[in-house]
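K.L.:
quick check, what structure comes out for this input:
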Amino acid sequence: MTPADLLGAALLVSLVAYALLGGADYGGGIWDLLASGPRKQEQRALVEQAIGPIWEANHVWLILVIVVLFTGFPVAFAAVSTTLFVPLTLLLFGIVLRGAAFTFRAYHAGDRVQARWGLLFSAASVVAPLLLGASVGGLASGRLRVSPDGMPLGRPGDWLSPFPVATGLLAGALFAFLAAVYLTVEARGPLQEDFRRRALASGLAVFLGALGAALLSAREAPLVFAGLTARRWSLLLHLATGAAAVAALWALWRRHFALARLAAAGQVALIVAGWGASQYPYLVVPDMTLASASAPAATQRLLLAALGLGALTLFPSLWLLFRVFKGRRRPAPRSG
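P.N.:
Below is the predicted model:
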């Protein structure tokens, strides 16, 4: 196990954490947009209550991905930031606008102005996961060809091919599913049933999205398809992911919401980890591997040491944050 492999594992773990935490925040914004029925305002209030205390902290994982990529794999950072300049720039705009709109909506007086900020928050929450998933799909597809020094060789719109688009839609469905399941734990009474129905519906959307992306990957992302079907761990991964998905839907159906949350998180984690493992050792398929994009070994060893020391601060701080705001179930808005 080389320093490059360890840093690659750190990148993947950070992406899994971002999907489980930041992804659920995006999903909350999706349900904010799709709030409906007689409890529409209560649904939005629950989303705001669930996201409010922790949404900024969840982006620490995305920052960690950027720092590790920039420091440990500078050539790959150059390749990713140039080939995916358009979607990543739009993603960053969406993240900033989403956070600003979420804050301004909470403190601005006037229903009409709050509605405008709420629409901006929701729209950015929909667009951001689509762009994030499309970026991941573009890296896995093999269409984003780069030179050894990280310069793009393809066309600017290659990230809009069918497989990246399907991956973006799958990311949106996954985040919506995760948020709905999490919100069933936060809610009470009729609100809990509202999000239970949304979780079941979005679980079906995840299945359809995963099926569509898998079928497209056979033609448009052959290396990932081979990784997901031909490696020794492929069958075990699919069985574990399928078991987690079935457990989540069964738990939702039987109203075991804490179990559903655990199973849904496991399902999403396995999907993200499976993508990373399937394209190992490539960072940008098929031109750039962990080894070819590595910084000097001394730099990577220092980065690993910094990550270890930083973890001594990061994990206790996050534990305390979640313990304070999520350790005990807070009263949820009641429907009228």
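K.L.:
every contact and neighbour count from this point should use C-alpha atoms.
P.N.:
OK.
K.L.:
find the nearest non-adjacent residue to Leu120, please.
P.N.:
Taking Cα to Cα, 6 or more residues apart in numbering as the measure, Leu120 lies nearest to Ala101, with 6.2 Å between them; neighbours along the chain are not counted.
K.L.:
ok, that neighbour to Leu46 distance?
P.N.:
Applying Cα to Cα, to the nearest Å, one obtains 17 Å for the distance of Ala101 from Leu46.
K.L.:
same question, Phe257
P.N.:
To Leu46, Phe257 is 16 Å away according to Cα to Cα.
K.L.:
per-residue pLDDT, Ser161?
P.N.:
Ser161 carries a pLDDT score of 89 in this model.
K.L.:
Provide the backbone phi and psi angles at it.
P.N.:
In terms of degrees, to the nearest 10, the main-chain angles of Ser161 are phi -70, psi 170.
K.L.:
so what's the residue count around it?
P.N.:
Around Ser161 there are 15 other residues, counting by other Cα atoms under 10 Å.
K.L.:
quick check: mean pLDDT of the helix or strand encompassing Asp5?
P.N.:
Element membership for Asp5 (DSSP states H and E) is helix 3-33. Per-residue pLDDT values over helix 3-33 give a mean of 94.
K.L.:
repeat that for stretch 259-271.
P.N.:
Stretch 259-271 shows a mean pLDDT of 96 in the predicted model.
K.L.:
distance from the chain centre to that stretch, please.
P.N.:
Centroid separation between stretch 259-271 and its chain, computed with Cα atoms, centre = their mean, to the nearest Å, is 13 Å.
K.L.:
got a list of contacts for it?
P.N.:
Stretch 259-271 is touched from outside by 16-17, 19-20, 174, 178, 181-182, 185, 237, 240-242, 244-245, 247-252, with contacts defined as Cα atoms under 8 Å, 6 or more residues apart in numbering.
K.L.:
tell me where the chain has helices.
P.N.:
Counting by DSSP state H, the segments of the chain that form helices are 3-33, 40-51, 55-58, 60-72, 74-83, 85-107, 111-141, 162-186, 189-220, 222-230, 234-253, 257-278, 297-326.
K.L.:
using PDB, write down the CA coordinates of the fourth one.
P.N.:
Taking C-alpha atoms only, helix 60-72 is exported to PDB below (Å, rounded to 0.1, in the frame of the first residue of the first chain):
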ATOM      1  CA  VAL A  60     -15.800  20.100   5.300                       C
ATOM      2  CA  TRP A  61     -15.700  16.800   3.300                       C
ATOM      3  CA  LEU A  62     -15.700  18.500   0.000                       C
ATOM      4  CA  ILE A  63     -13.000  20.900   1.100                       C
ATOM      5  CA  LEU A  64     -11.000  17.900   2.200                       C
ATOM      6  CA  VAL A  65     -11.300  16.300  -1.200                       C
ATOM      7  CA  ILE A  66     -10.100  19.500  -2.900                       C
ATOM      8  CA  VAL A  67      -7.100  19.900  -0.500                       C
ATOM      9  CA  VAL A  68      -6.000  16.200  -0.900                       C
ATOM     10  CA  LEU A  69      -6.400  16.300  -4.700                       C
ATOM     11  CA  PHE A  70      -4.500  19.600  -5.000                       C
ATOM     12  CA  THR A  71      -1.700  18.700  -2.700                       C
ATOM     13  CA  GLY A  72      -1.300  14.900  -3.200                       C
END
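K.L.:
one step back: is it true that the residue nearest to Leu120 touches Trp117?
P.N.:
Yes - in this structure, Ala101 is within contact of Trp117 by Cα atoms under 8 Å, at 5.0 Å.
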